[in-house]
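*Asks:* Fold the following for me, if possible:
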Amino acid sequence: MGRRLGTGGRTPPGPQTPQGLASLFHAERERIRLKHELLGLLAVPLLEGYRLDLRGAPDVREAVSEALGPPPTSPPSPSPLSPSPAAPGPPLGLLPLRDLLGMIGAHEWRRRGVPIPALGASVHPHFGVYAPVRREHVDLVARAADTWPVAQRRAIDVGTGTGVLALLLARRGANTIATDIEPRAVDCARENASRLGLSRRVEVVLADLFPGEPADLVVSNPPWIPAPAHSTLDRAIYDPGGEVLSRLVTGLPAALGPGGEAWIVLSDLAERLGLRPKGQLESLSAAAGLRVCDVLEARPSHPRTRDLADPLFEARAAEVVRLFRLRR
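*Replies:* Numbering: from 1, shown residues only. As a prediction, the model looks like this:
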């Protein structure tokens, strides 16, 4: 069904102007939203203990438990005198097949891990936490940490997700507080820090942006496209109205101690699509009393930059990701 819904009916490419690309982007987002909404109507019954009573179905109990928590407590066993039930039992509820497939995929990510060359290790994403499969932001922070050493500095990683940037800074000697507004991400980052033996250098807290104490360095890879988010995972990419970026930059002066600096990693794809004015980060920084004193750049290499069938291919192929170094 997904393949059939993914073919035909695409909005034909319009003029390659920011206005035309913005319209094309919104049309594509709406098409994807409707596709996901329709596929979400296809559901499977979950039985007691998160079992599937479907021929050839895999054992999904561990994957579903990781996503939804332990299954509800089983009812008391029937009396030995009671007849054996003819069926496996009533379903606990219906679970959209698309969600179930996402849970199975997330379980495999969590089991195998995502190798991060700049970290020299793997991180293990949880269900509902954005996996760092696009590595430009990690590579840029690694380059920055090699250029402007972070050893013994107090750092804050805002919107930590899997904790990958906090772990990178900790591996280079920083003492880091990692924040996220999503409880799943907090649990995920804590587990990854423990796996790598970095729990003493990385404290993970549930917080909206800043933890409330100033630092020498603030690092963040905020959502980079100012458009509505349709799921929890989407919130790692989409920032309605650019609110997160604005609050992040506006809050930096209070979050930085004397002589402190911030590294903000941001893609320019939104600018190429006409969704964000050029120079917005610089304008927000200036209004907050900060200046951009250095910039590092990287070109993405993910598959969509080579997908000629993508109606936004030209903008994706030209995308540049930048690390802005901000100081007072």
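*Asks:* how is this structure carved up into domains?
*Replies:* 2-39, 114-327 (automatic domain parsing).
*Asks:* ok, of those, where does mean pLDDT dip lowest?
*Replies:* Of all those, the minimum mean pLDDT falls on domain 2-39 (a mean of 71).
*Asks:* quick one, what contacts the residue lying closest to P223 once chain neighbours are set aside?
*Replies:* Counting by C-beta to C-beta, 6 or more residues apart in numbering, P223 lies nearest to D239, which is 3.9 Å off, once chain neighbours are set aside. All C-beta spots, glycine's among them, are computed from the backbone N, C-alpha and C. For D239, the contacting residues are 222-227, 229, 245, by C-beta atoms under 8 Å, 6 or more residues apart in numbering.
*Asks:* closest to A193 among these?
*Replies:* P222 (21.2 Å; C-beta to C-beta).
*Asks:* could you list every residue that touches that closest one?
*Replies:* By C-beta under 8 Å, 6+ apart, the contact list for P222 reads 158-159, 239, 244-245, 248, 264, 266.
*Asks:* same check, this time on A151
*Replies:* Per C-beta under 8 Å, 6+ apart, neighbours of A151: 172-174.
*Asks:* Let me have those in CSV, extended by secondary structure, neighbour count and distance to A298.
*Replies:* Output for the contacts of A151, formatted as CSV (DSSP: H, G, I helix; E, B strand; the rest coil; neighbours: other C-beta atoms under 10 Å; distance: C-beta to C-beta, whole Å):
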residue, secondary structure, neighbour count, distance to A298
R172, coil, 17, 18
G173, coil, 13, 23
A174, coil, 25, 21
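*Asks:* Nearest to P253 among those?
*Replies:* Of all the contacts of A151, P253 sits closest to A174, with 20.6 Å by C-beta to C-beta.
*Asks:* Checking the residue positioned nearest the centre of the chain next. Helix, strand or coil?
*Replies:* By C-alpha atoms, centre = their mean, the chain has its centre lying nearest to Y130, at 2.9 Å. Here Y130 is coil, with the state taken from DSSP: H, G, I helix; E, B strand; the rest coil.
*Asks:* The residue nearest to it when sequence neighbours are not counted: neighbouring residues, count only.
*Replies:* Leaving aside its chain neighbours, Y130 sits nearest to A236 (3.6 Å; criterion: C-beta to C-beta, 6+ apart). A236 has 22 neighbours, counted by other C-beta atoms under 10 Å.
*Asks:* Please shift the residue numbers so they start at 696 in all later answers.
*Replies:* OK, 696 is where the count begins now, so the last one is A931.
*Asks:* ok, A931 - contacts?
*Replies:* Here A931 is in contact with 825, 854, 856, 918 (criterion: C-beta under 8 Å, 6+ apart).
*Asks:* Can you name the two of those residues that sit furthest apart?
*Replies:* For these, the maximum inter-member distance is 10.8 Å, found between G856 and P918 (C-beta to C-beta).
*Asks:* doesn't P906 fall inside a helix?
*Replies:* No. Counting by three-state DSSP, P906 is located in no helix; its state is coil.
*Asks:* buried stuff in the top strand by length along the chain?
*Replies:* Ranked by residue count, the top strand of the chain under DSSP state E comes out as strand 951-962. For strand 951-962, a neighbour-count test (16 or more other C-beta atoms under 10 Å) marks 951, 955-962 as buried.
*Asks:* before we move on, what about stretch 1013-1022?
*Replies:* Neighbour-count burial for stretch 1013-1022 [16+ other C-beta under 10 Å]: 1014, 1016-1021.
*Asks:* cool, and stretch 734-742?
*Replies:* Within stretch 734-742, the residues that count as buried by 16+ other C-beta under 10 Å are 734, 739, 741-742.
*Asks:* Lowest-confidence member of those residues, which is it?
*Replies:* Across the buried residues of stretch 734-742, the bottom pLDDT score, 82, is held by L734.
*Asks:* Now it: closest residue in space that isn't a chain neighbour?
*Replies:* Computed as C-beta to C-beta, 6+ apart, the closest residue to L734 that is not its neighbour in sequence is R793, at 4.8 Å.
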